[in-house]
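A.B. asks: test case, fold it:
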Amino acid sequence: MITACSLALALAPQWMPLFDGKSLAGWTQLNGTASYQVERGEIVGRTVKGSPNSFLCTDKVYGDFELELEVKVDQALNSGVQFRSISVPGYQDGRVHGYQAEIDPSDRGWSGGVYDEGRRGWLQDLSKNPKGQKAFKNGKWNKYRIVAKGDHLQVWVNGVPAADTHDDLTMYGFIGLQVHAHEEDGLEVRWKNIRIKDFGIPTAQPPKSGRWLLHSEKDMANWMLAKDSTPCPWKWDGGGLMSGGGDICTRVPVGDSRVHVEFMTDDNGREGQGNGNSGVYFMESYEVQVLNSSPRGPLDNECGAIYSIKAPDYAMAYKAGVWQAYDVVFTAPKYDGDKKLTNAKLTVYHNGNRVHKDVEVPRATAAGRDEARGLRPLRLQDHGNKVRYRNIWVEELK
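C.D. replies: Numbers count the residues shown, from 1 in each chain. The predicted structure follows:
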């Protein structure tokens, strides 16, 4: 007999291997030229003189998870385990960046600390954790446990708590095994028994209090032509809604809210604003730009920008033909009669990385409708380029 308890256990995430012990299937090397091979059921990374940091990265991205692995490293070699990490052309020519659980066999003993590789540096070292400093055993296999849930990041080394910190800059990304740059050839770091419990990317589905605006072709009924409220003229194509026929907007207003939007730009070969141009308008006034920007850097008219107001903090655009995501917290302006008391405000994550935090928007963005006291719909721009949208959900905030 199937009980509620047994059903819950069956649906709970299970441990899954990330490494099959035989091949590097599901992994891709990024950045440096260190060698990665499989030997005796282990992944072996070896330094190559003159190479920058090298990373063997999962092809899949992970948001909330529990990760376990074992590692052994030459005492002269620093290493690390990347998690929620990113490589995009617009950020330092594809440099791997993101959270790293440190592997540090040096005398300072900071193994298990959390380092922000390629970005901000140390988030939490072990200078105030003497027990954690002694947990890593040089010349032996060491077991790491890494847990990421929301903004809570934790690391254990051989069962000893190492790091416990909160950070919300990046909410999902790949996992990577680092071979640090070194002036000597052939230093080794080995990994084995790599497994994960994948709790998914929370924003991929609306919360219980949220609702889908676009999830399948039938949800086109939630949208209408913005200029005259006639049925949505866009076409369902390739698993998404393809722009064409004019701007569209939701049939219901969207005020203070969390909104998830997935989009894919096309590449028509044109330059700048003529390639993959569209936009997501909040209350039809405030645009988060959609554009085929990769590999260009951040500007206030590139992908991820609050258009004409502020460039994204990081250029996180993927290349054309790849699905991307915005996760936005929008706060509508507040009025007392005709007097505006507070500006609209936006926090934006682009492909899992925060690119705007609590940014006040003092006016309508270029091409947006004038600001208004009343709530208005969410709007998707048809700029004459082929852009697809899918998986749009909204959660109203009170």
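A.B. asks: now the residue positioned nearest the centre of the chain, nearest residue through space, not along the chain?
C.D. replies: Central residue of the chain (Cα atoms, centre = their mean): residue 352, 1.9 Å from the mean position. In this structure, residue 352 finds its nearest non-sequential neighbour in residue 172, 4.0 Å apart by Cβ to Cβ, 6 or more residues apart in numbering. Bear in mind the C-beta positions are built from the backbone N, C-alpha and C, glycine included.
A.B. asks: quick one: residues contacting that neighbour.
C.D. replies: 61, 62, 63, 84, 201, 352 (Cβ atoms under 8 Å, 6 or more residues apart in numbering).
A.B. asks: any idea how far the fifth one lies from residue 215?
C.D. replies: Same thing as residue 201. For residue 201, the distance to residue 215 (Cβ to Cβ, to the nearest Å) stands at 16 Å.
A.B. asks: these two: which has the busier surroundings?
C.D. replies: residue 201 (18 against 15; other Cβ atoms under 10 Å).
A.B. asks: quick one: the more buried one and residue 173 touch, right?
C.D. replies: No: using Cβ atoms under 8 Å, residue 201 makes no contact with residue 173, being 10.0 Å away.
A.B. asks: pull up the overlap in contacts between those two.
C.D. replies: Common neighbours of residue 201 and residue 173 (Cβ under 8 Å, 6+ apart) are 61, 62, 352.
A.B. asks: of all those residues, which comes closest to residue 52?
C.D. replies: Taking Cβ to Cβ as the measure, residue 52 sits nearest to residue 61 out of these, at 22.7 Å.
A.B. asks: hang on, that closest one packs against residue 174?
C.D. replies: Yes: using Cβ under 8 Å, residue 61 is in contact with residue 174, at 5.3 Å.
A.B. asks: higher neighbour count, these two?
C.D. replies: The residue with more neighbours, out of residue 61 and residue 174, is residue 174; 22 against 16, by other Cβ under 10 Å.
A.B. asks: separation between that one and residue 230?
C.D. replies: Taking Cβ to Cβ, one finds residue 174 at 43 Å from residue 230.
A.B. asks: and for residue 39?
C.D. replies: From residue 39 over to residue 230 (counting by Cβ to Cβ), the distance is 64 Å.
A.B. asks: with distance to residue 398 added, can I get the contacts of residue 172 in a markdown table?
C.D. replies: Shown next, in a markdown table, are these (distance: Cβ to Cβ, whole Å):
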| residue | distance to residue 398 |
| --- | --- |
| 61 | 31 |
| 62 | 31 |
| 63 | 25 |
| 84 | 30 |
| 201 | 25 |
| 352 | 26 |
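A.B. asks: so of these, which ones are in strands?
C.D. replies: Secondary structure from DSSP state E places residue 84 of those in strands.
A.B. asks: out of the contacts of residue 172, which comes closest to residue 396?
C.D. replies: residue 201 (21.3 Å).
A.B. asks: ok, the closest one - contacts?
C.D. replies: Per Cβ under 8 Å, 6+ apart, neighbours of residue 201: 61, 62, 63, 64, 171, 172, 352.
A.B. asks: got the residues you listed as CSV, with pLDDT and distance to residue 143 columns?
C.D. replies: Listed next are the contacts of residue 201 as CSV, based on pLDDT from 0 to 100; distance: Cβ to Cβ, whole Å:
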residue, pLDDT, distance to residue 143
61, 97, 24
62, 98, 19
63, 98, 23
64, 98, 21
171, 97, 26
172, 97, 24
352, 96, 27
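A.B. asks: JSON lines for these, including distance to residue 90?
C.D. replies: Formatted as JSON lines, the contacts of residue 201 follow (distance: Cβ to Cβ, whole Å):
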{"residue": "61", "distance to residue 90": "17"}
{"residue": "62", "distance to residue 90": "22"}
{"residue": "63", "distance to residue 90": "22"}
{"residue": "64", "distance to residue 90": "26"}
{"residue": "171", "distance to residue 90": "19"}
{"residue": "172", "distance to residue 90": "18"}
{"residue": "352", "distance to residue 90": "15"}
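A.B. asks: which member of the residues you listed is positioned nearest residue 256?
C.D. replies: Distances from residue 256 to the contacts of residue 201, taken by Cβ to Cβ, are shortest for residue 171, at 20.6 Å.
A.B. asks: what sits against the closest one?
C.D. replies: Contacts of residue 171 by Cβ under 8 Å, 6+ apart are 63, 84, 150, 201, 202, 203, 327, 349, 352, 353, 354.
A.B. asks: the same query, at a cut-off of 7 Å, please.
C.D. replies: 63, 84, 349, 352 (Cβ atoms under 7 Å, 6 or more residues apart in numbering).
A.B. asks: what separation is there between it and residue 297?
C.D. replies: Residue 171 is 22 Å from residue 297, by Cβ to Cβ.
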